[in-house]
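Enquirer: When you get a sec, could you give me coordinates for this:
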Amino acid sequence: MKLLSIVVVALLMAGGLAGGAGHAQTGTLDAADRAAIKRVIDDQIAAFRRDDGAAAFALASPGIQATFGTPEAFMVMVRRGYQPVYRPRRVRFGAVVMRDWGPEQQVFVVGPDGRPYIAVYPMQRQADGTWKTNGCYLERPKSA
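Expert: Numbering: from 1, shown residues only. Just a heads-up that it's a prediction; the model follows:
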């Protein structure tokens with residue numbers, strides 16, 4: 001299991017994300033929220049591509065920032081365990097799935113190894129209304 005997946009599970013267990021894994025939420029997001037979520041993830045992937053740890057780290061939730069402490073530690077984790085989002089060949093946004101703890105954005109990526117992945121980004125709305133990534137976990141498509 002990837003380190004950031006462990007972080008997501010730990011946040012779920014600690015109540016950092018409300019609800020439990022696998023439970024769909026009935027709420028919806030408006031077009032502005034969906035666009036803002038896509039922009040945050042796009043911006044974070046762009047920051048990864050240019051090795052801008054400070055920019056990538058700034059787009060992560062306070063809980064993720066507290067877990068890793070510094071942009072440098074965050075980037076070490078991303079480089080080691082998340083090559084498909086660190087250096088994707090292709091990126092295509094999929095559905096936003098509502099969970100008890102909030103929205104998860106599915107992003108279809110092709111990693112630097114040419115293999116397809118689904119990067120799932122739990123998102124967290126901040127008190128000021130902005131969105132931050134609250135983890136990421138990688139899945140292999142069923143057909144891959």
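Enquirer: show me where the protein has strands.
Expert: In the chain, the segments counted as strands under DSSP state E are 90-99, 102-110, 116-125, 131-133, 137-139.
Enquirer: which parts of stretch 119-126 are buried?
Expert: 119-125 (16 or more other C-beta atoms under 10 Å). Heads up, the C-betas are built off the backbone N, CA and C, glycines and all.
Enquirer: Check the spatially most central residue of the chain and give its pLDDT.
Expert: Centroid-nearest residue in the chain, with C-alpha atoms, centre = their mean: Tyr121, separated by 3.0 Å. Predicted confidence (pLDDT) at Tyr121: the value is 98.
Enquirer: Which residue comes closest to it once chain neighbours are left out?
Expert: Gln105 (4.5 Å; C-beta to C-beta, 6 or more residues apart in numbering).
Enquirer: Now do the contacts for that neighbour.
Expert: By C-beta atoms under 8 Å, 6 or more residues apart in numbering, Gln105 lies in contact with 37-38, 41, 93-94, 96, 120-121, 123.
Enquirer: could you redo the last one with a cut-off of 6 Å?
Expert: 37, 96, 121 (C-beta atoms under 6 Å, 6 or more residues apart in numbering).
Enquirer: Let me know how buried Ser143 is, in neighbour terms.
Expert: 5 (other C-beta atoms under 10 Å).
Enquirer: Pass me the low-pLDDT residue ranges in this protein, would you?
Expert: Applying pLDDT under 70 to the chain flags the ranges 1-27, 144.
Enquirer: Nice, that's everything, thank you.
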